[in-house]
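Participant: Provide a 3D model corresponding to the input given below.
(one chain, ligands or ions: 2)
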Amino acid sequence: MNKLFMIAFTTLLLSACGAEEGLTQAEEDTQVSEEQANEESTSDESTEEESTTAEDDSESEDDASNEDDSTEQGDVSDEDDSSGNDDTTEEDDAADNDSSNEDDATGEDDAAEEDDATGEDEGDVSGDDDATAEDDAAEEEQVVDAQICTTGSQLGDIPANYVAALEKYTTTNSEYTVYVCTQDTNNDGEADYMVVESTNQPEHESYYFEDDNHHHEDFDFDTNKYKYDAVYDSQRTGAAGNNMIEAQTVIMKMPITPSAAATKTNTPYGTIGLAINGVSFFNENAAPGDDITEELFTFDQCSGHPQGSGLYHYHVDPVCLIRDLGGEVTTATHTEGGKTYSWIEDTGTNAGLLVGFLVDGFPVYGPVGNSETDCNAEAVSSDTIDGYNGHSHCTAEFSEAIYHYHVKTAEVGATGESVFWVTNTQYYGEPGVLSR
Ligand SMILES: [Zn+2]
Ligand SMILES: [Zn+2]
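Facilitator: Ligands and ions are numbered 1, 2, ... in the order given. Sure, this is the predicted structure:
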């Protein structure tokens, strides 16, 4: 994205959705009250992070990571609220409204604090923190300002075996920012993380883009009854509340040398990785008390949806991305009551398609369906898939065998059961740092 466009985009955001975004950010903040203390003690982080070589960076990262965990947890419950249709949902919605009203009073301060804690606004904000209005403006800028990859994509220090794969982040989404670079957090002259920085906006159609976005496309959510008929019971179909896609910076820092974890870590609620178009991957978990399969019925025509702060994400096979990457998809239809519903379905032949990475630095490929071949066109048995949805062999992007995940999808392949998720409960490798 060039600078002119960034400026224009920033201006557009300022005029179009300033107030709304401020509210959503504030709403998140009440859900992360436990970080308030953290934030105060780390309020100088933005300055430190600005000079990207500061020695304290690793501490900042830990803080940011903590914050994200709880933020994400809160977000998911928002999202689940909106996807439900029972009495408790209405109560929850009311509670949400209350908390956002509450936020009105304190929201702006909270937003400013969050900026500090995540270092997202960098020097821009720390210069004039006292003016609330300016904080708001700065918050909008965070949407397009690069935080770590400040000079755009730089693949120079990316390990050689990762270049071909990570380069795809820089070429897939031609409309919205996705940068790849490295970060040297301990200032020893060696890169410590491979960084992917995105504004988390898909470049494909979605019901969840605002009407004035050219990617907005209506969708009849009843389609999901037939698309997910294997798990359809009596779930309500419909939009995920009023959530719409909002641009927001997501930074994924993967270990420079990804490795299998001796002790596995659970994937958190919220972003666990980034698809190759810069959109978040979420796991298969719902907040306690909610049923994740309810969420399927709020997915748009591309099998994604936004949560409470407008963060668009895929829990499952990203079919439109797969289509846009040149993968094989088919249009399925179902006629009911004189009406024909149609949707895009994965053909089960896209196991060799790189669709993203998780934060542990291991790539995610398309669903293992009818067959998979490696970089030498040798057949790979799906029996080798382990409990983390992955296995090792060479691929089109990695000439040496590498551990990689495969997304699962419904009704593809002879699995005999309904499976959907990008990953199982745990990461295979040591996770790096995700922040937003
Ligand atoms: Zn979701
Ligand atoms: Zn494979």
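Participant: use CA for all of it now, contacts and neighbours both
Facilitator: Fine.
Participant: ok, so what distance separates Glu210 from Ala261?
Facilitator: Going from Glu210 to Ala261 by CA to CA, to the nearest Å gives 41 Å.
Participant: Please verify my assumption that Lys253 contacts Thr185.
Facilitator: No: Lys253 lies out of contact with Thr185 (CA atoms under 8 Å); the separation is 10.8 Å.
Participant: Look up the residues that both of these two are in contact with.
Facilitator: Counting by CA atoms under 8 Å, 6 or more residues apart in numbering, the residues touching both Lys253 and Thr185 are Tyr193.
Participant: Looking at the two, which is more packed in?
Facilitator: Lys253 (28 against 21; other CA atoms under 10 Å).
Participant: ok, now which ones touch that one?
Facilitator: 193-196, 359, 432-434.
Participant: Over to it: give its phi and psi.
Facilitator: phi -110, psi 110 (degrees, to the nearest 10).
Participant: Which strand residues bridge it?
Facilitator: Val195, Val433 (DSSP bridges).
Participant: quick one: it from Asp192, how far?
Facilitator: For Lys253, the distance to Asp192 equals 9 Å [CA to CA].
Participant: Repeat that for Gly338.
Facilitator: In terms of CA to CA, Gly338 sits 58 Å off from Asp192.
Participant: who's more crowded, these two?
Facilitator: Set Gly338 next to Asp192 and count neighbours by other CA under 10 Å: Asp192 wins out with 21 against 7.
Participant: That one against Pro159, yeah?
Facilitator: No: Asp192 lies out of contact with Pro159 (CA under 8 Å); the separation is 10.8 Å.
Participant: tell me, what's touching those two both at once?
Facilitator: By the contact definition CA under 8 Å, 6+ apart, Asp192 and Pro159 are jointly contacted by Ile256.
Participant: give me the low-pLDDT residue ranges for the stretch 301-436 of the chain?
Facilitator: Counting by pLDDT under 70, the ranges of the stretch 301-436 of the chain that qualify are 409-420.
Participant: On the three-state scheme, Thr171 is what?
Facilitator: helix (DSSP: H, G, I helix; E, B strand; the rest coil).
Participant: Now for it: which residues touch it?
Facilitator: Counting by CA under 8 Å, 6+ apart, Thr171 makes contact with nothing.
Participant: going forward, begin numbering at 234 instead of 1
Facilitator: Right, with 234 as the first residue, what we last looked at is Thr404.
Participant: how near is it to Pro488?
Facilitator: For Thr404, the distance to Pro488 equals 22 Å [CA to CA].
Participant: just Asp462 next, same as before
Facilitator: Look at Asp462 and Pro488: by CA to CA, they are 39 Å apart.
Participant: Compare the two (neighbour count), which wins?
Facilitator: The residue with more neighbours, out of Asp462 and Pro488, is Pro488; 23 against 13, by other CA under 10 Å.
Participant: show me the contacts for the nearest residue to that one once chain neighbours are set aside.
Facilitator: Counting by CA to CA, 6 or more residues apart in numbering, Tyr426 is the residue found nearest to Pro488 once chain neighbours are left out, at 4.8 Å. Tyr426 makes contact with 415-418, 486-489, 665, according to CA under 8 Å, 6+ apart.
Participant: Distance to Asn475 for those residues - can I get that in TSV?
Facilitator: Shown next, in TSV, are these (distance: CA to CA, whole Å):
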residue	distance to Asn475
Thr415	36
Gln416	37
Asp417	40
Thr418	39
Lys486	31
Met487	33
Pro488	36
Ile489	39
Gly665	32
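Participant: of all the residues you listed, which comes closest to Ser439?
Facilitator: Nearest to Ser439 out of the contacts of Tyr426 is Lys486 (CA to CA; 27.5 Å).
Participant: Wasn't Thr563 part of a helix?
Facilitator: No: applying three-state DSSP, one finds Thr563 to be strand, outside a helix.
Participant: Tell me how many other residues crowd it.
Facilitator: Using other CA under 10 Å as the criterion, the residues surrounding Thr563 number 12.
Participant: And Ala393, by the same measure?
Facilitator: 11.
Participant: And the one 5 residues further on, by the same measure?
Facilitator: As a burial measure, the neighbour count of Ala398 was computed by other CA under 10 Å and equals 19.
Participant: ok, it - contacts?
Facilitator: Shown in contact with Ala398 (CA under 8 Å, 6+ apart): 587, 630-631.
Participant: buried residues in the strand or helix carrying it?
Facilitator: Assessed by DSSP states H and E, Ala398 sits inside helix 393-405. Applying a neighbour-count criterion of 16 or more other CA atoms under 10 Å, one finds 395-396, 398-403, 405 buried in helix 393-405.
Participant: Run through the helices of the protein in chain order.
Facilitator: Counting by DSSP state H, the chain has helices at residues 236-263, 269-274, 278-283, 290-316, 320-351, 355-359, 365-375, 393-405, 456-460, 525-529, 552-557.
Participant: If you count contacts, what does the last one end up packed against?
Facilitator: This points to helix 552-557. With contacts defined as 3 or more CA pairs under 8 Å, 6 or more residues apart in numbering; DSSP states H and E, helix 552-557 has these neighbours: strand 562-569, strand 572-579.
Participant: Distance to Tyr638 added to these, as JSON lines?
Facilitator: JSON lines is the format used below for those (distance: least, CA to CA, whole Å):
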{"stretch": "strand 562-569", "distance to Tyr638": "20"}
{"stretch": "strand 572-579", "distance to Tyr638": "17"}
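Participant: Let me know which of those is the nearest to Glu517.
Facilitator: strand 572-579 (19.0 Å).
Participant: what sits up against the closest one?
Facilitator: Under CA under 8 Å, 6+ apart, the answer for strand 572-579 is 456, 459-460, 534-535, 550, 552-553, 555, 561-568, 642, 645.
Participant: Report the inter-axis angle for it versus strand 562-569.
Facilitator: 160 degrees (axes from the mean of the first three to the mean of the last three CA atoms, to 10 degrees).
Participant: Please identify the pairing partners of strand 572-579 and their relative orientation?
Facilitator: Paired with strand 572-579 in the same sheet, following DSSP bridges, are strand 562-569 (antiparallel).
Participant: can you pull the buried residues of the partner strand?
Facilitator: Val562.
Participant: same deal with stretch 431-451?
Facilitator: In stretch 431-451, counting by 16+ other CA under 10 Å, buried: 431-442, 448, 450.
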